[in-house]
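>>> pasted the sequence and its predicted model underneath.
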Amino acid sequence: MKALITGASSGIGREIARLLAARGYELVLCARREDRLRALAAELPTVCHVIAADIADEKECRLLYQAVRGDDLEVVVNNAGFGLFGEFTATDLDDELRMIDTNIRAVHILTKLALQDFTARGRGYILNVASSAGFLPGPLMAAYYATKNYVLRLTEAIREELRRAGSPVKVCALCPGPVDTEFNKVAGVRFSLGGLDAKRVAREAVDGLFAGRGIVVPGAAMKAMTLGRHFAPDCLLARITYHFQHKKGGA
């Protein structure tokens, strides 16, 4: 069986690739950096196909799915994404639109196309990498937090539709807090909280996906946050989030 992983060149995506390879999956590794994908493919004990693509481009995103679809495709991991730090009035609009295309549009396209095939066939797994940011308003990273809220709520809604239809297809949202990856360098921030190990986050994500969980939140601190948010109004959560974001500063 085959698994597609976007954003496979580093961080969580790379670690998920290693775990799925250990489970015997043939892999399709997708990211923009072909050299990193080929280096990863060379170390994995399975058949790997490398596709260098920018899924922020709708045409490339659709072509990616057309290239990998088939009865042997069983897992889709929508991991590609990035963030931007700064006041909403100051961040670059073109950068934000590219982030929306990557974090939302590509996830939407690949989830929909895969889900249509998976439900018709009666099997399949989709893991959408959201974030703990998806539970909160995010001043100083407003657009990024909003994109992850979209991913989380889309996944939750699809899961309920599948449940009511009695479908065996599984969808899961991974909602980590800070993770030790290249994310902060790309977003232009320094984490104010210690990041989790990407290997640990990937392991919890893969285990949760195959166990049929709807949401995976790695780490005790983030689990406590997701529970605690129910006891505070959104306006207070926005102020608290601003406080932690402001401590990040610019990297």
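Done, it's in. Owing to the predicted nature of the structure, the values given are computational and were not obtained by experimental measurement.
>>> from here on, just use CA atoms for contacts and neighbour counts.
Noted.
>>> can I have stretch 195-204 written out in CSV, keeping just the CAs?
What follows is stretch 195-204 as a C-alpha-only set of coordinates in CSV (Å, rounded to 0.1, in the frame of the first residue of the first chain):
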residue,chain,number,x,y,z
GLY,A,195,9.3,22.6,21.6
LEU,A,196,8.5,18.9,21.5
ASP,A,197,10.6,16.5,19.7
ALA,A,198,9.4,16.0,16.1
LYS,A,199,9.9,12.2,16.4
ARG,A,200,7.5,12.1,19.4
VAL,A,201,4.9,14.2,17.7
ALA,A,202,5.1,12.1,14.5
ARG,A,203,4.7,8.9,16.5
GLU,A,204,1.7,10.1,18.4
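>>> what residues does that stretch touch?
The contact list for stretch 195-204, computed with Cα atoms under 8 Å, 6 or more residues apart in numbering, reads 11-13, 15-16, 19, 176-181, 216, 218-219.
>>> closest one to E60 out of those, please.
G13 (19.0 Å; Cα to Cα).
>>> filter the contacts of stretch 195-204 to the buried ones?
A residue is treated as buried here by neighbour count (16 or more other Cα atoms under 10 Å); on that basis the buried members of those are 11-13, 15-16, 19, 176-180, 216, 218-219.
>>> what helix or strand is K112 on?
Using DSSP states H and E, K112 sits within helix 106-121.
>>> G81 too?
Using DSSP H and E, no helix or strand contains G81.
>>> make sure it is actually in contact with G7.
Yes - G81 sits in contact with G7 when judged by Cα atoms under 8 Å, with a separation of 7.2 Å.
>>> about what we covered before: okay if I get the buried ones among the contacts of stretch 195-204 as CSV plus secondary structure and distance to A205?
Listed next are the buried ones among the contacts of stretch 195-204 as CSV, based on DSSP: H, G, I helix; E, B strand; the rest coil; distance: Cα to Cα, whole Å:
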residue, secondary structure, distance to A205
G11, helix, 13
I12, helix, 9
G13, helix, 11
E15, helix, 10
I16, helix, 8
L19, helix, 10
P176, coil, 9
G177, coil, 13
P178, coil, 15
V179, strand, 13
D180, coil, 15
V216, strand, 6
P218, coil, 8
G219, coil, 12
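>>> lowest-confidence entry in the residues you listed?
Lowest pLDDT within the buried ones among the contacts of stretch 195-204 is found at G219 (69).
>>> centre of the chain to the helix holding K112, how far?
Relative to its parent chain, helix 106-121 has a centroid offset of 15 Å by Cα atoms, centre = their mean, to the nearest Å.
>>> what's the burial count for A53?
By other Cα atoms under 10 Å, the residues close to A53 number 18.
>>> so who does it touch?
Remark: with contacts taken as Cα under 8 Å, 6+ apart, A53 is in contact with 30-32, 60-61, 64.
>>> the same query, at a cut-off of 7 Å, please.
A53 is in contact with 30-32, 60, counting by Cα atoms under 7 Å, 6 or more residues apart in numbering.
>>> same deal with K148?
130-131, 133-134.
>>> once you drop chain neighbours, what's closest to it?
Setting aside the residues directly before and after it, K148 is nearest to G134 in space (Cα to Cα, 6 or more residues apart in numbering), at 4.5 Å.
>>> in the helix holding K112, what's buried?
106-111, 114-115, 117-119.
>>> thought A56 was touching L97?
No - the pair A56 and L97 does not pass the contact test of Cα atoms under 7 Å, sitting 9.2 Å apart.
>>> show me which of the two is the more surrounded one.
Neighbour totals were compared for A56 and L97, and A56 leads with 21 against 13 (other Cα under 10 Å).
>>> what helix or strand is the more buried one on?
Under the assignment here (DSSP H and E), A56 is part of no helix and no strand.
>>> do a quick rundown of the strands in this protein.
Counting by DSSP state E, the segments of the chain that form strands are 2-6, 26-31, 48-52, 73-78, 125-129, 170-174, 215-216.
>>> quick one: closest of those to F85.
With respect to F85, and counting by Cα to Cα, the nearest of the strands of the chain is strand 125-129 at 19.2 Å.
>>> fine by me, thanks again.
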